[in-house]
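S.K.: starting from these lines, generate the structure:
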Amino acid sequence: MNRYPPIAEHGMVGDLQTAALVSSDGTVDWWCTPRFDSPSVFASLLDDERGGHCRLAVEFPDGDTMTVRQLYLSDTAVLVTRFMAPGGVGEVADFMVPNDSSAPTGVHQLIRIARVVRGSLPFVLSCQPRFDYGRATHARSRTDEHSVIFHGPGTDLHLQSTAGVVLHDDGNDISARFTLTAGQAAAVVLTSTPSQDPAPPRPSLEGCADALEACRTFWLSWLRSCTYRGRWQDIVNRSAITLKLLTYAPTGAPIAAATMGLPEQIGGERNWDYRYTWIRDASLSVRVLIDLGFYDEAQAFRRWLRDRIEAKATPSADPLQIMYRVDGDPHLTEDTLDHLEGYRGSRPVRAGNAAADQLQLDIYGEVSDALIVGEDIGAVRGWKALSDVLDWLAAHWDQPDEGIWETRGGRQDFTYSRLMTWVAFDRGIRAATEFSRPADIARWTGARDTVFRQIIERGWHDKRQAFVQHYDTDVLDASLLLMPRVGFLSPHDPDWLSTLDAMDRELVSDSLVYRYDPAASPDGLRGSEGTFNLCSFFYVEALARSGRLHQARHAFDKMLTYANHVGLFAEEIGPSGEQLGNFPQAFTHLALVTAAMALDEELENAHSGPRHGNHGNPATRGLTVPNEDTGGGVTGG
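M.R.: Purely as a prediction, here's the structure:
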């Protein structure tokens, strides 16, 4: 067993309330339950000795060679790890049956089915749970040789096996060894429940096979709603499934990533907890979900977002804060888990996120865009929530903030933050005018135009011939790749093309894009980071919209080579092409989809001429006749 496998050597399974990572050697080395942001049961990804794991794999003697391959069953979240050894071919299928209900549950089940398709192979099982990020000890009880209960604080973990897999005591943990021959299978089931809940029924092999088919059927059925039919069908489908897996079904709130503490630099301190809902990330996903045909998911998040605005429950008393827990709780603290060594010694390991207290004014632009795009802008209740936010923003937009990258080096007048406040007013004005909604349009228009002039005058650097990160610097910032997408500038505007050229020279390394240069613009943290996958895909989109199609397609094709073996991306790419940061990263997969759709559209336009309609203009797309009777988002549903 690899002590710390590469971050990319994992697939993810989940049930839409929690998720687990399975390494390519058959180890579940990350699982938090009963929610994405709950304390971990398995976390050997952050500390091999203290974190806990559950390994189910083919066992082979030292000196023997074995080839291991991992894949998803096509267009599903069923993960299969295949072992090809001298004695035969075996595999382990890992999955969780999705629960798309609006009701949260404390019961979650991870099913692992081992089978042999050729020859005869020995398997090994090692189950070592470590509750509460490895801080809590556990008691253990058993009912028979196939059923064990690990008792943790507030949570019981039931380990059950089918016939042929006898569970043996291994200290306070459990191990097993068994052999399967061609055509035989066995299952190991992990079920987390609230403490003292009755044990689940003992699983049967037939029941596990039925559950696998139910999981497969769910994903195939869900994916039928996808309207994408472009050149990159497989990778877009995989990204869509990943975004769905990272969405908490009871509220519709997507999280940024399934993990916490994975480093942006091995041995560095940029190790954050991403198991929360960022307003920015989630809002940008709304347009992608709608463009892909997943209207229910887009509407569910819009309802969640509107509820956050109406709750007015932020500690700062601002209308919104930058992130929340999946249930909408705005109270997040950040703790350091000093007992964990961190992935390959990358400390500190942080649980929670202190950036929740930051001021990031750009979120109001992303929120306005998310609430207005789609089939309607909603009933009176929803419109009032949005207009109240814009009234507040009209009085507060012109102040420094921490910016999109959540820097901890002090507030600045970030150009991207100003850009998105312009978006907020622009979208509000358009909607109020087109749909005859009550609004202080004169005030919003004045603020919008003032922001526009300020960006042009202070965000532009004559010497660099480019828009820059903030008003008191000449540093470039890849977040500004979104300027054409939001409609602030045409993608063919000379000032934009000059900015794109400057980014090409300074932020781009063989299609990979850095967010900014932390040496030139200190962010309050030590160390460096890799290129940012989100920005690399935004770069592809910007190139495509600017007419640089050959460059865009080449960059996109190269970016896809950095996907892992099952099509997943982390947050960043390191100097040797390794994946870094939390995994898998929703924002990366979101940007991949937008890049694919933009490139498809521009390639089609190049062959057949531009299509009619406003599809290519993100600033106007989605503004349609309001429908008072539909629910969701700002609709008051």
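S.K.: CA only for contacts and neighbour counts going forward, please
M.R.: Will do.
S.K.: what ranges do the helices span in the stretch 401-550 of the chain?
M.R.: 415-434, 441-454, 494-506, 533-545, 549-560 (DSSP state H, counting those that start in this stretch).
S.K.: check the stretch 51-200 of the chain too.
M.R.: Going by DSSP H, counting those that start in this stretch, the stretch 51-200 of the chain shows helices at 131-134.
S.K.: how near is the nearest residue to Ser44 once chain neighbours are set aside to Tyr343?
M.R.: Counting by CA to CA, 6 or more residues apart in numbering, Ser44 lies nearest to Gly51, which is 4.1 Å off, once chain neighbours are set aside. Computed as CA to CA, to the nearest Å, the Gly51 to Tyr343 distance reads 11 Å.
S.K.: again with Asp462
M.R.: 44 Å.
S.K.: hmm, back to that, JSON lines please, covering the helices of the stretch 401-550 of the chain and showing mean pLDDT.
M.R.: Shown next, in JSON lines, are those (pLDDT from 0 to 100):
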{"stretch": "helix 415-434", "mean pLDDT": "95"}
{"stretch": "helix 441-454", "mean pLDDT": "98"}
{"stretch": "helix 494-506", "mean pLDDT": "98"}
{"stretch": "helix 533-545", "mean pLDDT": "98"}
{"stretch": "helix 549-560", "mean pLDDT": "98"}
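S.K.: let me have these in a markdown table, extended by distance to Asp318 and mean neighbour count.
M.R.: As requested, the helices of the stretch 401-550 of the chain are exported to a markdown table (distance: least, CA to CA, whole Å; neighbours: other CA atoms under 10 Å):
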| stretch | distance to Asp318 | mean neighbour count |
| --- | --- | --- |
| helix 415-434 | 15 | 24 |
| helix 441-454 | 18 | 17 |
| helix 494-506 | 33 | 17 |
| helix 533-545 | 28 | 27 |
| helix 549-560 | 38 | 17 |
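S.K.: and the ones you listed: which comes nearest Gly352?
M.R.: Nearest to Gly352, of all the helices of the stretch 401-550 of the chain, is helix 533-545, at 22.4 Å by CA to CA.
S.K.: now for the lowest-mean-pLDDT helix or strand in the chain, which elements pack on it?
M.R.: Taking mean pLDDT, DSSP states H and E as the measure, the helix or strand of the chain with the lowest value is helix 380-396, at a mean of 89. Applying 3 or more CA pairs under 8 Å, 6 or more residues apart in numbering; DSSP states H and E, one finds that helix 380-396 contacts helix 295-311, helix 363-372, helix 415-434, helix 441-454.
S.K.: and Ala598, which of the helices of the stretch 401-550 of the chain is closest to it?
M.R.: Nearest of the helices of the stretch 401-550 of the chain (CA to CA): helix 533-545, 5.9 Å.
S.K.: contacts for the closest one next, please.
M.R.: Contacting residues not belonging to helix 533-545 are listed as 478-479, 481-482, 484-485, 491, 511-515, 549, 551-553, 555-556, 559, 569-573, 587-589, 591-592, 594-596, 598-599, 602 [CA atoms under 8 Å, 6 or more residues apart in numbering].
S.K.: for ChimeraX, write the select line for the buried members of those.
M.R.: The ChimeraX command for the buried members of the contacts of helix 533-545 (criterion: 16 or more other CA atoms under 10 Å) is given here:
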select :478,479,481,482,484,485,491,511,512,513,514,515,549,552,553,555,556,559,569,570,571,572,573,587,588,589,591,592,594,595,596,598,599,602
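S.K.: which of the contacts of helix 533-545 fall in strands?
M.R.: Judged by DSSP state E, the subset of those located in strands is Leu512, Val513, Glu572, Ile573.
S.K.: quick one, what contacts Leu73?
M.R.: If you count contacts by CA under 8 Å, 6+ apart, Leu73 has them with Leu79, Val80.
S.K.: what packs against the helix ranked longest in the chain?
M.R.: With secondary structure taken from DSSP state H, the chain has its longest helix at helix 586-608. Applying 3+ CA pairs under 8 Å, 6+ apart, one finds that helix 586-608 contacts helix 233-245, helix 279-292, helix 533-545, helix 549-560.
S.K.: and the angle from that helix to helix 549-560?
M.R.: 150 degrees (axes from the mean of the first three to the mean of the last three CA atoms, to 10 degrees).
S.K.: pull the distance from helix 586-608 to the chain's centre.
M.R.: 19 Å (CA atoms, centre = their mean, to the nearest Å).
S.K.: and if you look at stretch 295-312?
M.R.: 18 Å.
S.K.: then stretch 455-471?
M.R.: Centroid displacement of stretch 455-471 relative to its chain, using CA atoms, centre = their mean, is 31 Å.
S.K.: so what touches that stretch?
M.R.: Contacts for stretch 455-471 (CA under 8 Å, 6+ apart): 412-416, 418-419, 474-477, 480, 495-496, 498-500, 502.
S.K.: repeat the analysis, applying 6 Å as the threshold.
M.R.: By CA atoms under 6 Å, 6 or more residues apart in numbering, the surrounding residues in contact with stretch 455-471 are Asp413, Phe414, Thr415, Asp474, Val475, Leu476, Asp477, Ser498, Thr499.
S.K.: list just the nearest of those residues to Arg308.
M.R.: Nearest to Arg308 among those: Phe414, at 25.0 Å, using CA to CA.
S.K.: hey, what's the spatially closest residue to Val189 that is not a sequence neighbour bridged with?
M.R.: Distances taken as CA to CA, 6+ apart place Ile111 nearest to Val189, at 4.6 Å, with adjacent residues excluded. When bridges are taken as DSSP bridges, the partners of Ile111 come out as Phe95, Val189.
S.K.: distance of Ile111 relative to Ser546?
M.R.: Counting by CA to CA, the gap from Ile111 to Ser546 is 48 Å.
S.K.: tell me which of the two has more neighbours.
M.R.: Ile111 (23 against 19; other CA atoms under 10 Å).
S.K.: and the more buried one, what is it in contact with?
M.R.: With contacts defined as CA under 6 Å, 6+ apart, the neighbours of Ile111 are Asp94, Phe95, Val189.
S.K.: just among those, which is most surrounded?
M.R.: Result: Asp94 is most packed of the contacts of Ile111 (other CA under 10 Å), 30 neighbours.
S.K.: in the stretch 501-637 of the chain, where is pLDDT below threshold?
M.R.: 521-528, 609-637 (pLDDT under 70).
S.K.: try 50 this time
M.R.: Along the stretch 501-637 of the chain, segments meeting pLDDT under 50 span 612-637.
S.K.: ditto for the stretch 1-150 of the chain
M.R.: For the stretch 1-150 of the chain (pLDDT under 50), the answer is 1.
S.K.: can you give me the strands in it?
M.R.: 10-14, 19-23, 27-32, 40-42, 53-58, 67-72, 79-85, 88-95, 108-128, 139-144, 147-151 (DSSP state E, counting those that start in this stretch).
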